[in-house]
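# When you get a sec, could you give me coordinates for this:
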Amino acid sequence: MSLLETRAISKAFGGIQALSACDITVEQGSITGLIGPNGSGKTTLFNVITGYEQADSGQVLFNGTDISRYKPDAIFDLGMGRTFQITRIFPRLTVTENMHVAIRRKGLAALLSRWSASSESERAKRLLDFVGLTHLKDAPAGSLSYGQRKLLELAFILIAEPQVVLLDEPAGGVNPTLIGQLGERIRQMNEQGVTFLIVEHNMEFVMNLCDKVMVMHRGTKLAEGAPAEVRANPAVLEAYLGD
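Numbers count the residues shown, from 1 in each chain. Now for the predicted structure:
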């Protein structure tokens, strides 16, 4: 069953056509990869899906609801989380305090009152343990390695119990050990029912992790299929070599 879908999404920035009638479908319960050459429109599509950019035309559907004009907070409340190429954590707060902020991103008073709930505090502890950061719970987030920051950002998102998580370059700049740890955590969350859409340049990571891979080129979907099919597709190879 389709959980997330874009229909004929187009987006231009001045004279640059970033997206052109782009259609993608993400099935519920899947781990779907979204790849393509630099400048193919992947991050712009993520921004349109999550409300950070408004499409010029087309629709974004989440659970059958048209969310094309929703703001990021409203989309977050519906059950969609995302990461960014540059991690968005609070470096001067401790790892635990970052999880505190993640409980609810709507005002300091609400944050302080909600954190007193033992169930929320316990869930934050479980997620830090899940991503392997419990031993750093009192460390400033700014002292974490780049890979550890990616894991904290994943925990930050998962505390809201999203139905679908969009990961933007999760393996970028991360050492191989932490890449393996990140992939394992994604698999485990997927087994618990979380759907993933992943933009990534690390082909080994994508091909080993994803059920389906979609390829973007010049603002639209060029190909899709199982990883082995996509890897062998001549049009995909030409798109990468040509760019």
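
# Tell me if Leu166 really is in a strand.
Yes: secondary structure of Leu166 (DSSP: H, G, I helix; E, B strand; the rest coil): part of a strand.

# mind giving me the domain split of this protein?
Following the assignment in automatic domain parsing, the chain carries domains at 1-79+163-243, 89-161.

# Quick check: end-to-end length of the last one?
Taking Cα to Cα, to the nearest Å, domain 89-161 runs 18 Å from one end to the other.

# pull the helix or strand with minimum mean pLDDT from this protein.
helix 108-115 (a mean of 48; mean pLDDT, DSSP states H and E).

# before we move on, the earlier item: now render the domains of the chain as JSON lines, adding mean neighbour count.
For the C-beta atoms, the positions are set from N, CA and C on the backbone; glycine is no exception. Compiled in JSON lines, the domains of the chain are given as follows (neighbours: other Cβ atoms under 10 Å):
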{"stretch": "domain 1-79+163-243", "mean neighbour count": "18"}
{"stretch": "domain 89-161", "mean neighbour count": "17"}
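
# Would you mind confirming that Lys42 is in contact with Gly36?
Yes: look at Lys42 against Gly36 with Cβ atoms under 8 Å: they come within range, at 5.6 Å.

# can you list residues touching both of those two?
Contact with both Lys42 and Gly36 is made by residues Met216, according to Cβ atoms under 8 Å, 6 or more residues apart in numbering.

# Name the SS class of Met216, please.
With three-state DSSP as the criterion, Met216 reads strand.

# how much space between the nearest residue to it once chain neighbours are set aside and Leu209?
Closest residue to Met216 apart from its sequence neighbours, by Cβ to Cβ, 6 or more residues apart in numbering: Gly36 at 3.6 Å. Separation of Gly36 from Leu209 (Cβ to Cβ, to the nearest Å): 17 Å.

# ditto for Gln181
Counting by Cβ to Cβ, the gap from Gln181 to Leu209 is 13 Å.

# before we move on, what about Thr134?
24 Å.

# Next, the angle from the biggest helix by length in the chain to strand 164-168.
If you go by DSSP state H, the chain has its longest helix at helix 176-191. Per axes from the mean of the first three to the mean of the last three Cα atoms, to 10 degrees, the angle that helix 176-191 makes with strand 164-168 is 160 degrees.

# For this structure, just list every one of the strands.
With DSSP state E, the ranges of strands along the chain come out as 2-13, 16-27, 31-35, 57-62, 65-66, 80-82, 164-168, 195-199, 212-217, 220-225.
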